Structure formats: C-alpha cells, structure tokens
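In: please find the sequence and the predicted model below.
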Amino acid sequence: MTSPPPRAKRRFRRALARLFLRATGWQPEGEHPEARRYVLIAAPHTTNWDFPYLLAFAEHFGMQISWLGKASLFRGPFGPVMRALGGIPIERSRSANRVAEMARVFGDHEDLGLVVPAEATRARTEYWKSGFYYIALTAGVPIVMSYLDYARKVGGIGPAFVPTGDVVRDMDAVRQFYADKQGKYPAAFGPVRLREETQAR
C-alpha cells in the first residue's frame, strides 16, 4: 500500500486534479466516505478515460485509494508510477484465493480504500465480477459506490452499505443506484448483477 504523501504534495495533487476536472467540464458530487476502510465500486466502466477521472475525483475528495491491476502493468519503467498511484499488482493466472487475501489486507490497515473492478472490462458483460462484494463481506467493511455519469459530466461518491450476505437484496440497492448513471459508451455498460444471484433466487 502507498503511504499518504506529505501535506504540500497532497495539496499540489488536489489542485492539479481540480484543474483537470474544470478543464474537461466535470463537476463533483458527494463527500469523502465516512468509513476509513472500504471497498470502492467504480462504475460504469466503458472507456480508458474512466481511470484518470477516478483518480482525479479521488484527489478532489482527499481519498487515498488503492487498486488492483494485472502484474504486467507494473513491469518496466511505468511500474513505480503505477505503485505511486496506488496500484497493487496481481497475477491473474494464480489460483490463490484473492478474496481471502485482500480481506486479510484490511486487517493490517487502519485506512484503506480498495478499488475492486466490478465489471473487469470496458466491453459489455452480462455479469459483474463478485470479488468486490465478497472481499467486503469477508473483511466486514462497507462498499462505497462511486460513479461517473457522462450524460451530466458529473462524478463522485455515492452511498455506502455493509453487505449482509443476502446478495440479491444487496445488489438490488446497487442496481437502483446505478440505474441512472451513464457511461461514455452506454451500450458497453451491461446489467448490474452477479452470477451468484441466480443461485440465490
């Protein structure tokens, strides 16, 4: 995990992020999450631009976030940059239980905002990956819903909830929140649902 940068550096990064958002015509909504440890959903995800906007809004709200990325992103000269931006490399080919592994990480940190890709791809997918849900459930931390709405050019931080284990009911709340959020390419934003919901019904 990355340690918080010095105060002067944090101010500079926040000012740069706000300048970027103003220059591109985006407006923030919401507030810094109340919880100090949480899993962050970032959706809809339909373009590579979503990532810089996520980082910019995180800086605007003073959030120190970490995110998971394929190990190849951290090789070569860009590796240190990716880590400085909060990246945590993972080997997708390994069969280790990443849910349990990441849940244990929460136990070692008093402050941790972990971005877990729910869609896992910019292309349309019929199901979200359930890692974000089960990491939060196992670690006993809330899920915070962040968003980018390209229709209004607004992004920010939505409500938080602690997963109950009732996956259908919990995902109903997620569906309701994202129902009016539009990605840059709306057709690429598929249904907000988990495969596990079909087993639970």
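Out: Nice, thanks for sending it over. Numbers count the residues shown, from 1 in each chain.

In: quick one: the closest residue to T125 other than its chain neighbours and L112, what's the gap?
Out: Distances taken as C-beta to C-beta, 6 or more residues apart in numbering place G190 nearest to T125, at 4.9 Å, with adjacent residues excluded. Backbone N, C-alpha and C define where each C-beta goes, glycine included. As for G190, its distance to L112 is 28 Å (criterion: C-beta to C-beta, to the nearest Å).

In: so the two - more neighbours on which side?
Out: Neighbours were tallied for G190 and for L112 using other C-beta atoms under 10 Å; the higher tally belongs to L112 (21 against 16).

In: mind listing the helices for the protein?
Out: When assigned using DSSP state H, the helices of the chain occupy the ranges 7-23, 50-60, 79-84, 98-107, 131-139, 167-178, 195-200.

In: distance from the chain centre to the third one, please.
Out: In terms of C-alpha atoms, centre = their mean, to the nearest Å, the gap separating the centre of helix 79-84 from the centre of its chain is 18 Å.

In: now swap in the last one and tell me
Out: Helix 195-200 has its C-alpha centroid displaced from the chain centroid by 22 Å (C-alpha atoms, centre = their mean).

In: can you tell me which residue is spatially central in this structure?
Out: V115 (3.2 Å; C-alpha atoms, centre = their mean).

In: need the contact list for the residue nearest to T125.
Out: E119, R124, T125, E126, Y127 (C-beta atoms under 8 Å, 6 or more residues apart in numbering).

In: how does it look with 6 Å?
Out: Contacts for G190 (C-beta atoms under 6 Å, 6 or more residues apart in numbering) come out as R124, T125, E126.

In: I appreciate the help and will end here.
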